[in-house]
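S.K.: build me a model:
(one chain, ligands or ions: 1)
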Amino acid sequence: MTRFVCSEKKQHILEVGAGAGAITKHLVKKSNVSLGTYIDVVEIYPFLAKILKRRFADAPGVHIHGLDILNFKSEHKYDLIICSLPFNSMFPEIVEPIIQQLLALAQPGALMSFFEFKILQSLGKPFLTKKQRESYLRTRSLIDGLLARYKFDECAVKYNIPPALVHYLRIN
Ligand SMILES: C[S@@+](CC[C@H](N)C(=O)[O-])C[C@H]1O[C@@H](n2cnc3c(N)ncnc32)[C@H](O)[C@@H]1O
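M.R.: Numbers count the residues shown, from 1 in each chain. Below is the predicted model:
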């Protein structure tokens, strides 16, 4: 997820859905704030945002926002967007504006990474009602549309539990 974080240049980085900071920790380690790198971290749950604020209180250049990404406003556009939102389990009515928001926050040529748990997707499908299935397929087509337009690479993380697939996108 942090593959394109670079300690040799200034980057504006946006992390979306940071949880308790499992990825944030690596962003902080790999980036170089002395070059002016700026990391905005957005997490919707106040409880988790509070943990993040405590955990990264001493990390210069890291700004924690306890907000829904849909309500996040920034003066910056970002070179790098690292997104952990569980798109596959979200309603298409939410996924669509979130994708628009992420694209609007990206600099031309920005890189974005996000991951999916492939196995969980297939396991869940047989248990969906017709309405849930239709909703899931609409969400899926939004994700597939995003990937078809911008994806340039991926990385299978086999030894994650469950195995994950990281997508890399370039927002042209
Ligand atoms: C799958 S967890 C990932 C947590 C962490 N990045 C990790 O890898 O361990 C997804 C996170 O996204 C947050 N989230 C969900 N919807 C969000 C939204 N609309 N805006 C900001 N954060 C959101 C959840 O609260 C949760 O912490």
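
S.K.: so residue 153 belongs to a strand, correct?
M.R.: Yes. Applying DSSP: H, G, I helix; E, B strand; the rest coil, one finds residue 153 inside a strand.

S.K.: I'd say it and residue 147 touch.
M.R.: No. Shown here, residue 153 and residue 147 do not form a contact pair, counting by CB atoms under 8 Å, at 11.1 Å. Where you see a C-beta, it was placed from the backbone N, CA and C, and this is true even at glycine.

S.K.: show me which residues of the chain are close to the ligand?
M.R.: 16-19, 22-23, 42-45, 48, 68-69, 84-86 (CB under 6 Å from any ligand atom).

S.K.: show me which pair in those is furthest apart.
M.R.: Greatest spatial distance among those (CB to CB): 22 and 68, at 20.1 Å.

S.K.: phi and psi next, for the residue nearest the centre of the chain.
M.R.: The centre of the chain sits closest to residue 83, judged by CA atoms, centre = their mean, with a distance of 0.3 Å. Residue 83 adopts backbone torsions of phi -120, psi 120, taken as degrees, to the nearest 10.

S.K.: need the contact list for it.
M.R.: Counting by CB atoms under 8 Å, 6 or more residues apart in numbering, residue 83 makes contact with 15, 16, 17, 102, 112, 113, 114.

S.K.: for these, which one is nearest the ligand?
M.R.: Nearest to the ligand among those is residue 17, at 2.6 Å by CB to the nearest ligand atom.

S.K.: looks to me like residue 58 is in a helix.
M.R.: No. Residue 58 is assigned coil when assessed by three-state DSSP, not a helix.
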